[in-house]
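Visitor: generate a structure from the sequence data that follows.
(chains A and B)
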Amino acid sequence: MHVHVGIPQAMLYHEFGSLWADFFRYADIPVSISGETNKQILDRGTLLGIDESCLPLKVYLGHVDSLLSECTHIFVPRVVQYHRNFLFCAKFAGLPDVVRNTFRLSPEQIISPNVEYKSSVNQLQSLYTTCQAIGLSAVPGYLAYRRALKSWRADVPGDIGSSTPKIAVIGHSYLLKDAFFCGNIMNFLASRGVQVITPNHVARKVLYDEAKVFEPDIYWQLSAKIAGAAHYFCRQPDIAGIIMVSSFGCGPDSLVNEYVEHHVFKKSDKPYIIINIDEHMGSAGLITRIEAFWDLVEWRQKY
Amino acid sequence: MKVTYPHMGYLNMPVSKMLNNLGVEVIEAPPISKKTIELGSLYSPEGVCLPYKINMGNFIESIDQGADTLVSVCGAGKCRLGFYNAVQKIYLAEKGQIQFYMLDTNHLFSDLYRFLRTVAPRASRLVILKNMAMGIKLLKALDAMNEAKNFYGARTNSPEQIIDICRGGTQELANSTYKKINFIRDFTISSIGAICNNNQCRPPRIALIGEFYLLLEPYVNHSIEDLLIKQGIEVKKFVYTGNWVYSNTLLQALGLYSEEKAYLDQAKPYLNYHVGGDGLKSVGSALQCARDGYDGIIHIYPFGCMPEVVAQSALKNIANDYNLPLLTLSIDEHSSDVGIITRIEAFADCIKRKKYQH
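Guide: This is a model prediction of the structure:
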């Protein structure tokens, strides 16, 4: 059987992507990553997706579309729950179905293991589903998984140095790591000689520990990570300001942003700005706001 | 302690009855109006879904009238409903000392019982259980009447009369005692049946699916059921408060019922996982209707609803595969009734033409 797996570089790829890609590489399965988001991918995704679905979901569909011509299988895991206390947003639970329904793919074309609990049994089940779908026998599959997992865990964020000042940019990593969405912000800050720090520079464990304060309320894992990051950065003396990025139509963000603003930002004395991005990618408005925000931060530091 | 709760269809009726019987002071929010929605939107995050904003409006209006204890439901898993109160509290805290009680839908029975015990400490356990049973019975009676209205209303020349009778029966139920509930229900249903003059006709049937709140609250769905009945179309709904409360309290507490399992098989192969809220249910019931030869589907949900957006991609394909007309109504605080009504009427015309052509 000819197998060529495609992994869309969107959504949870930015959290677990290296694990997934390494798994297929170690198992000697040809694998393609769809690459950075570009205008064409966004346009295709906007066309394919339901009008009111969130921006990341539209982009995801664009990525899948770009893979379909060359790949036999698309890897779309169904990540429902990974941590005992947290869930993922509804769209992750329905992602394989959204992809299947949008492109009318057959079940065989999609590799969608269910990630439901953080138990070893569930890990083995998902692994088995994946191996079955690509005709890989269990033992080499397991070995490849072990190897990929090891290198994924070893991948601890490095120290980013301590040249001041620093601006923290927080948000879902599928926005922050996607240069198409946040490139403008990052480039602008870099051009002013500002060091940017994101939640991805902080160890995951630190963020989730910080998020424990919000535990009875927040039940989405990625939102907890964001709230934890906000809480963490607000207490770091070398952070001069915080930029919070979220996307239009994001369900959890619509409430969590308010919650974080009230419980974290307003209680600290750090300047902050909340930026909402959508598929209309005019950068002038965005840059102006970041410029104004940076002026404020600089002014604050002087006086 | 002055208790209040947000509106949702006729759910306020058993709740206020239950609390009144237990001697709890209730301040009911004024019926949902334009002002409620405006007020709610003013004090809500911009991107949040419509039920949040209306709940907020209800709370603010009843706090202005003196309420100080709010009770609401939470806990639909992946959807935003569970996070409502965490953010609502932030705004409402400015209004003074307010107590929040949340009933988790995943263990509704025990939560409701515990809530009633706290607000009515002097009532005996038996009285509380009896009142809960009364609430469920009342809701089921209301559901049955509503279903009769939808069935007979489409098979008569005077649907307005049937809608009026149903409304009258509903009001009577509000003032009735436990023993009279069944009598009023049967009486209303038989008088509705008596008006029906065309029992043999087979009107076009539409499945009304979507998000819980939008399906149940007539103010926000612009009384879509009555609109369709007046067009001579039979409406089938799958979400009924009474049934839902019954299965989520008694049956679930006994471990006899799991909503997820019931709909998972039905929705295959279009949706294969529980996506929170009513997403799975929407797809499951739509597919069942498609197989049962319904004439159309209306999908109604609040703008940006996460589970329903996932469901929508599946519904599109169901409609396509079974050659079934599908009308999607995404409602937010700006939707004027004219736009909605025109679309529903046009859809009804299209359904009728399609049916009678063959």
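Visitor: low pLDDT regions in the chain?
Guide: Chain wasn't specified; assuming chain A. Where chain A drops to pLDDT under 70, the residues are A:1, A:158-163.
Visitor: chain B is the one I meant
Guide: B:76-77, B:252-253, B:255-259, B:358.
Visitor: need the contact list for the residue nearest the centre of it.
Guide: Nearest to the geometric centre of chain B sits residue B:216, at 2.3 Å (C-alpha atoms, centre = their mean). Listed by C-beta atoms under 8 Å, 6 or more residues apart in numbering or on different chains, the contact set of residue B:216 reads B:8-9, B:11, B:239, B:241. Where you see a C-beta, it was placed from the backbone N, CA and C, and this is true even at glycine.
Visitor: residue ranges for the helices of the stretch 1-150 of chain B, please.
Guide: B:12-21, B:34-42, B:50-64, B:84-92, B:108-119, B:125-153 (DSSP state H, counting those that start in this stretch).
Visitor: pick the most deeply packed of those.
Guide: helix B:50-64 (a mean of 24; mean count of other C-beta atoms under 10 Å in any protein chain shown).
Visitor: run a quick neighbour tally on residue A:220.
Guide: 24 (other C-beta atoms under 10 Å in any protein chain shown).
Visitor: wait, it sits on residue A:90?
Guide: No: taking contacts as C-beta atoms under 8 Å, residue A:220 lies outside contact range of residue A:90: 9.7 Å.
Visitor: what's the domain layout of the chain?
Guide: Looking at chain A here, since you left the chain open. A:5-154, A:166-302 (automatic domain parsing).
Visitor: let's do chain B instead
Guide: Looking at automatic domain parsing, the domains of chain B come to B:2-123, B:128-153+B:155-201, B:203-358.
Visitor: coming back round to it: quick check: phi and psi at the residue nearest to the centre of chain B.
Guide: When quoted as degrees, to the nearest 10, the phi and psi of residue B:216 stand at phi -100, psi -20.
Visitor: quick check: the gap between it and residue A:256.
Guide: Residue B:216 sits 27 Å away from residue A:256, going by C-beta to C-beta, to the nearest Å.
Visitor: if we can go back for a sec, tabulate the domains of chain B in CSV, adding columns for distance to residue A:107.
Guide: Formatted as CSV, those follow (distance: least, C-beta to C-beta, whole Å):
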stretch, distance to residue A:107
domain B:2-123, 23
domain B:128-153+B:155-201, 37
domain B:203-358, 7
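Visitor: of those, which is nearest residue A:51?
Guide: domain B:203-358 (8.4 Å; C-beta to C-beta).
Visitor: which of the contacts of residue B:216 lies closest to chain A?
Guide: Nearest to chain A, judged by C-beta to the nearest C-beta, of those is residue B:239 at 17.8 Å.
Visitor: what kind of secondary structure is that closest one in?
Guide: For residue B:239, the assignment made with DSSP: H, G, I helix; E, B strand; the rest coil gives coil.
Visitor: how about it: what's its closest non-neighbour residue?
Guide: residue B:215 (4.9 Å; C-beta to C-beta, 6 or more residues apart in numbering or on different chains).
Visitor: repeat that for residue B:153.
Guide: residue B:229 (3.7 Å).
Visitor: then residue B:263?
Guide: residue B:284 (3.9 Å).
Visitor: distance from stretch B:119-135 to the middle of the chain?
Guide: 24 Å (C-alpha atoms, centre = their mean, to the nearest Å).
Visitor: residue contacts, residue 224?
Guide: All of this refers to chain A. Contacts of residue A:224 by C-beta under 8 Å, 6+ apart are A:86, A:208, A:211, A:214-215, A:218.
Visitor: I was after chain B.
Guide: So residue B:224 contacts B:208, B:218, B:235, B:298, B:300, B:329, B:340, B:344 (C-beta under 8 Å, 6+ apart).
Visitor: the closest residue to chain B within the stretch 51-200 of chain A - nearest residue in space that isn't next to it in sequence?
Guide: Proximity to chain B, evaluated over the stretch 51-200 of chain A using C-beta to the nearest C-beta, is greatest for residue A:94 at 3.5 Å. Spatially, and ignoring its direct neighbours in sequence, residue A:94 is nearest to residue B:310 (3.5 Å; C-beta to C-beta, 6+ apart).
Visitor: could you pull up phi and psi at the one you found?
Guide: Torsion angles, degrees, to the nearest 10, at residue B:310: phi -60, psi -40.
Visitor: I figured it hits residue A:90, correct?
Guide: Yes: counting by C-beta under 8 Å, residue B:310 does reach residue A:90; the two are 5.9 Å apart.
Visitor: who touches both of the two?
Guide: B:275, B:279.
Visitor: any idea where the helices of chain A begin and end?
Guide: A:13-26, A:39-48, A:55-68, A:90-93, A:95-103, A:120-134, A:138-154, A:173-176, A:179-191, A:204-210, A:221-234, A:251-260, A:284-302 (DSSP state H).
Visitor: just name the most buried of the ones you listed.
Guide: helix A:90-93 (a mean of 28).
Visitor: just the CA atoms of that helix, as CSV, please.
Guide: The C-alpha trace of helix A:90-93 is given here as CSV (Å, rounded to 0.1, in the frame of the first residue of the first chain):
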residue,chain,number,x,y,z
ALA,A,90,-15.5,21.7,20.8
LYS,A,91,-13.9,22.3,17.5
PHE,A,92,-11.0,20.0,18.3
ALA,A,93,-13.3,17.2,19.3
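Visitor: need the residues that contact that helix.
Guide: A:11-12, A:53-54, A:57, A:78-80, A:98, A:251, B:78-79, B:273-277, B:279, B:306-307, B:309-310.
Visitor: how close does residue A:300 sit to residue B:298?
Guide: Counting by C-beta to C-beta, the gap from residue A:300 to residue B:298 is 54 Å.
Visitor: rewinding a little: you'd agree the residue nearest to residue B:239 is in a helix?
Guide: Yes: counting by three-state DSSP, one finds residue B:215 located in a helix.
Visitor: ok so, going back, which of the contacts of residue B:224 fall in helices?
Guide: Short answer: the contacts of residue B:224 in helices (DSSP H) are B:340, B:344.
Visitor: buried only: go through the contacts of residue B:224 for me.
Guide: Using 16 or more other C-beta atoms under 10 Å in any protein chain shown as the burial test, the contacts of residue B:224 include B:208, B:235, B:298, B:300, B:329, B:340, B:344 as buried.
Visitor: farthest pair in the residues you listed?
Guide: It's B:235 and B:340 that sit farthest apart of the buried ones among the contacts of residue B:224, by C-beta to C-beta, at 15.1 Å.
Visitor: OK, contacts around the residue lying closest to residue B:138 once chain neighbours are set aside?
Guide: For residue B:138, ignoring the flanking residues on the chain, the nearest one in space by C-beta to C-beta, 6+ apart is residue B:14 at 4.4 Å. Counting by C-beta under 8 Å, 6+ apart, residue B:14 touches B:134-136, B:138-139.
Visitor: over to residue B:92?
Guide: B:59-60, B:63, B:70, B:98 are the contacts of residue B:92 under C-beta under 8 Å, 6+ apart.
Visitor: that one and chain A: what is the separation?
Guide: 12 Å (C-beta to the nearest C-beta, to the nearest Å).
Visitor: look up how far residue A:42 lies from that residue.
Guide: 39 Å.
Visitor: likewise residue A:252?
Guide: As judged by C-beta to C-beta, residue A:252 and residue A:42 stand 22 Å apart.
Visitor: could you do residue B:293 as well?
Guide: 41 Å.
Visitor: check whether residue A:2 really touches residue A:71, as I assumed.
Guide: No: at 10.6 Å, residue A:2 does not count as touching residue A:71 under the criterion of C-beta under 8 Å.
Visitor: compare those two (neighbour count), which wins?
Guide: Per other C-beta under 10 Å, whichever of residue A:2 and residue A:71 has more neighbours is residue A:71, with 20 against 6.
Visitor: chain A contacts on the stretch 151-300 of chain B?
Guide: B:269-277, B:279 (C-beta under 8 Å from any C-beta of the partner chain).
Visitor: and of those residues, the nearest to residue B:177?
Guide: Distances from residue B:177 to these, taken by C-beta to C-beta, are shortest for residue B:277, at 35.9 Å.
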